[in-house]
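**Student:** Fold the stuff below for me.
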Amino acid sequence: MAETPSPRSGWWERLLLALGGEPRTRSDLLELLEEAHAKRLFDTDALTMIRGALRVAEREVRDVMIPRAQMVVVREDDGLGEVLATVSRSGHSRYPVVRERRDDVLGLLLAKDLLEHYLHRARRFRVRDYLRPVLFVPEGKALNHLLRELRTTRNHLAMVVDEHGAVSGLITLEDILEEIVGEIDDEHDLEEEAMIVERSPSRFTVNGLTTLEAFNRRFGTDLHQEGVSTLGGYVAHRLGRIPVRGEELDIAGARARVLRADGRRVHLLDVRWTRPPGGPSAETSAVGSGA
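**Tutor:** Coordinates of the predicted model:
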């Protein structure tokens with residue numbers, strides 16, 4: 001008795017029939033998908049995800065990981081107040097717990113486990129009491145293999161180690177998924193066309209790609225830096241590096257807090273004015289990542 005073709009194989013055969021030919025290389029496949037999209041066989045979102053899935057199959061952990069210097073960590077001897085301050089500033093759900101050095105990782109602390117401390121009315125808080133096991137993976141591990149491992153082990157975060165076994169960074173499940181579906185929005189995100197959104201008369205959410213010219217025009221400031229054209233670039237220049245989420249900087253009388261950044265650039269900032277904008281620029285820096 002002949003096998004009944006699966007819906008998936010039937011879809012693929014119809015696609016090949018419509019476009020005339022089976023792909024022999026990755027370039028052929030991408031061209032085939034572009035043609036299918038042009039013929040409206042699937043929409044742009046589907047094409048983006050297929051491209052992302054192909055990209056994940058070719059990339060390694062080192063290409064996506066958050067470098068060790070940019071990790072937000074909790075130290076084993078931190079008190080409850082210090083831990084809560086780190087969680088509040090960064091907004092993450094999981095934190096590597098380290099000793100003195102960032103490459104000496106003891107385990108993970110989940111922000112939700114802090115609720116247990118309050119629920120049990122424990123008088124003494126020790127980070128060690130809430131440690132969870134951590135997964136270690138090599139820098140050269142393929143992203144698609146790591147995605148499968150994270151799903152199988154039900155982990156959302158892994159520590160990345162180099163060939164000598166030293167911690168070189170971390171990677172999250174969200175980092176991998178964003179390679180497939182694009183950046184995952186959160187409550188701070190702006191509409192596609194918006195660059196500056198007013199939350200209140202003194203608070204604004206600002207896209208990191210907002211030009212210094214547009215920022216100065218909107219707020220009557222005079223920010224400028226040779227070779228820098230965007231607010232995100234200006235913040236990175238002032239700090240001397242790409243900041244991590246939760247870091248803050250005083251600029252032109254406002255307190256700018258990084259809401260989102262990766263290893264390449266600043267994506268989103270929360271800007272709160274401590275006085276009406278338009279006065280002389282306040283250029284004193286104050287950085288606070290808590291990690």
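**Student:** where along the chain do the helices fall?
**Tutor:** Here the chain has its helices, by DSSP state H, at 7-19, 26-38, 44-58, 80-90, 114-119, 143-153, 173-181, 212-219, 231-239.
**Student:** Would you mark the buried spots in the last one?
**Tutor:** Under the neighbour-count criterion of 16 or more other CB atoms under 10 Å, helix 231-239 has L231, G232, G233, Y234, V235, A236, R238, L239 buried. Every residue, glycine included, has its C-beta placed from N, CA and C.
**Student:** quick one: the fourth one and V271, what's the gap?
**Tutor:** So that's Y234. 12 Å (CB to CB, to the nearest Å).
**Student:** what do you get for the last one?
**Tutor:** Using CB to CB, one gets 16 Å for the distance from L239 to V271.
**Student:** what does the second one give?
**Tutor:** Separation of G232 from V271 (CB to CB) stands at 12 Å.
**Student:** intersection of neighbour lists for these two?
**Tutor:** The contact sets of G232 and V271 do not overlap (CB atoms under 8 Å, 6 or more residues apart in numbering).
**Student:** which residue is nearest the middle of this protein?
**Tutor:** When CA atoms, centre = their mean is applied to the chain, the residue found nearest the centroid is D262 (5.5 Å).
**Student:** In contact with that residue, which residues?
**Tutor:** I66, I242.
**Student:** Mind checking the helices of the chain for the one nearest to P67?
**Tutor:** helix 173-181 (12.3 Å; CB to CB).
**Student:** Quick check: closest non-adjacent residue to A53.
**Tutor:** I180 (5.5 Å; CB to CB, 6 or more residues apart in numbering).
**Student:** Need the pLDDT of the one you found.
**Tutor:** I180 is assigned a predicted lDDT (pLDDT) of 77.
**Student:** State whether it and G52 are indeed in contact, as I suppose.
**Tutor:** Yes. Using CB atoms under 8 Å, I180 is in contact with G52, at 3.6 Å.
**Student:** quick one on the thing from earlier: I'd like to know how far the residue nearest to A53 sits from T153.
**Tutor:** The value you get for I180 to T153, if CB to CB is used, is 19 Å.
**Student:** How about R55?
**Tutor:** R55 is 23 Å from T153, by CB to CB.
**Student:** Equivalent analysis for S229, please.
**Tutor:** Taken as CB to CB, the span from S229 to T153 is 44 Å.
**Student:** These two: which has the busier surroundings?
**Tutor:** Neighbours were counted for S229 and for T153 using other CB atoms under 10 Å; S229 has more, 14 against 11.
**Student:** How about the contacts made by the more buried one?
**Tutor:** T211, L212, E213.
**Student:** pLDDT value on the closest residue to the second one other than its chain neighbours, please?
**Tutor:** Which is L212. Ranked by CB to CB, 6+ apart and with sequence neighbours excluded, the top spatial neighbour of L212 is L223, at 5.0 Å. On pLDDT, L223 comes in at 90.
**Student:** show me the contacts for L223.
**Tutor:** L212, F215, N216, L231, Y234, I251, A252, S281.
**Student:** Now do the buried residues in stretch 51-69.
**Tutor:** Buried residues in stretch 51-69 (16+ other CB under 10 Å): G52, L54, V56, V61, R62, V64, M65, I66, R68.
**Student:** which of those residues lies closest to S93?
**Tutor:** Among the buried residues of stretch 51-69, and counting by CB to CB, the member closest to S93 is I66, at 14.3 Å.
**Student:** and the gap between that closest one and V83?
**Tutor:** Distance from I66 to V83, by CB to CB: 20 Å.
**Student:** Nice, that's everything, thank you.
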